[in-house]
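How does the following fold in three dimensions:
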Amino acid sequence: MGYVQLLEPLAADTPVGKFLARRGEGIHHVGYGVSDIGQALAAVAGTGIRLVDERPRHGSMGASIAFLHPADLGGVLTELVQSATPA
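Okay, here's the model as predicted:
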């Protein structure tokens, strides 16, 4: 199962608002579903990819999320997402 989440900035000083001001319209980030975000972060860290979030944080719809550094992934901000409920 997959989904697309469309974002609109609530104000110019929000993360999405700042992104649009800097880079214009386009893709903000790509997210990948994982079953165990702690395990996924450990596996990614072991490859040398820098973690923006070393520990999961709260995301939308009750998910646990963590971001990976875009400089290590072809310039694409990448998100790991563990759903609040199993798919």
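
can you give me the strands in this protein?
Applying DSSP state E to the chain gives strands spanning 30-33, 57-58, 64-68, 78-82.

Show me what the second one is packed against.
Under the contact criterion of 3 or more CB pairs under 8 Å, 6 or more residues apart in numbering; DSSP states H and E, strand 57-58 touches strand 64-68. In this view, the C-beta of every residue, glycine as well, is placed from N, C-alpha and C.

who's in contact with the strand it packs on?
Applying CB atoms under 8 Å, 6 or more residues apart in numbering, the external contacts of strand 64-68 come out as 29, 31, 37, 40-41, 44, 49-59, 77-82, 84.

before we move on, back to that, between the strands of the chain, which one is nearest to Arg22?
strand 64-68 (16.7 Å; CB to CB).

The closest one vs strand 78-82, what angle?
Angle, strand 64-68 to strand 78-82, by axes from the mean of the first three to the mean of the last three CA atoms, to 10 degrees: 160 degrees.

Using PDB, write out every CA atom in strand 64-68.
Output in PDB follows, covering the C-alpha atoms of strand 64-68 (Å, rounded to 0.1, in the frame of the first residue of the first chain):
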ATOM      1  CA  SER A  64       7.200   7.500  13.800                       C
ATOM      2  CA  ILE A  65       9.500   9.200  11.400                       C
ATOM      3  CA  ALA A  66      13.100  10.000  10.800                       C
ATOM      4  CA  PHE A  67      14.900  11.900   8.000                       C
ATOM      5  CA  LEU A  68      18.100  11.100   6.200                       C
END
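
still on that earlier bit, using ChimeraX, make a named selection holding only the buried ones among the contacts of strand 64-68.
Buried members of those, defined by 16 or more other CB atoms under 10 Å, are picked up in ChimeraX with:
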select :31,37,40,41,44,51,53,56,59,77,78,79,80,81,82
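
quick one on the thing from earlier: any idea which of the strands of the chain scores lowest on pLDDT?
Lowest mean pLDDT of these: strand 30-33, a mean of 92.

gap between that strand and the chain center?
7 Å (CA atoms, centre = their mean, to the nearest Å).

Great, nothing more from me.
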